[in-house]
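Chemist: Below is the structure, and that's it, no one-letter string:
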């Protein structure tokens, strides 16, 4: 990708990041947890739920606190508010993940931009500052070379 295209892409990502961050910061109250309806049997032998496939319907909010699962029964009057607050939390988490992904993309593009600028600087100077290539020698070759060097140093000391 050319430097000009990298700049455009970075600016586009930054504007998208800015818009998404503003949307995320607009959230007011949130409620972490999962809101759902469950069915339970009351345990009374004469109740209708003892013979039915499902028991009594209850709505519950379930969340985790310090590794412990917590559950709270939600009454009919609280249901609309809890539904709205948990939906906001889900949206907040989704936007947060999107922001994290955008930040990673921005970082990758900045790395590419840095490499392109370094290459441009090297061209200006007419030098290549890349690392010298390592020779691929096997262990046995290195061991043979070291053994020869030891023999040579021994001979030079014995003379």
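Modeler: Here it is on my side, so go on. Please read all numbers here as calculations on a predicted model, not as lab measurements.
Chemist: only C-alpha atoms for contact and neighbour calcs from this point on.
Modeler: Noted.
Chemist: From the structure, what's the count of residues near residue 65?
Modeler: When neighbours are counted by other Cα atoms under 10 Å, residue 65 registers 8.
Chemist: Got phi/psi on it?
Modeler: Phi and psi for residue 65, reported as degrees, to the nearest 10, are phi -130, psi 110.
Chemist: can you check residue 70 too?
Modeler: Phi and psi for residue 70, reported as degrees, to the nearest 10, are phi -120, psi 150.
Chemist: And for the one 3 residues further on?
Modeler: Its backbone dihedrals place residue 73 at phi -70, psi 140, with angles given as degrees, to the nearest 10.
Chemist: how much space between the spatially most central residue of the chain and residue 121?
Modeler: Nearest to the mean C-alpha position of the chain, by Cα atoms, centre = their mean, lies residue 100 at 6.2 Å. Distance, residue 100 to residue 121, by Cα to Cα, to the nearest Å: 32 Å.
Chemist: Also residue 144?
Modeler: Distance of residue 144 to residue 121, computed by Cα to Cα: 42 Å.
Chemist: contacting residues for residue 39?
Modeler: Applying Cα atoms under 8 Å, 6 or more residues apart in numbering, one finds that residue 39 lies in contact with 54, 55, 56, 57, 58.
Chemist: gap between it and residue 78?
Modeler: From residue 39 across to residue 78, the span is 18 Å (Cα to Cα).
Chemist: Which elements pack onto the top helix by length along the chain?
Modeler: With secondary structure taken from DSSP state H, the chain has its longest helix at helix 79-125. Here helix 79-125 touches helix 3-25, strand 34-40, going by 3 or more Cα pairs under 8 Å, 6 or more residues apart in numbering; DSSP states H and E.
Chemist: Kindly calculate the angle that that helix makes with helix 3-25.
Modeler: Helix 79-125 runs at 160 degrees relative to helix 3-25, counting by axes from the mean of the first three to the mean of the last three Cα atoms, to 10 degrees.
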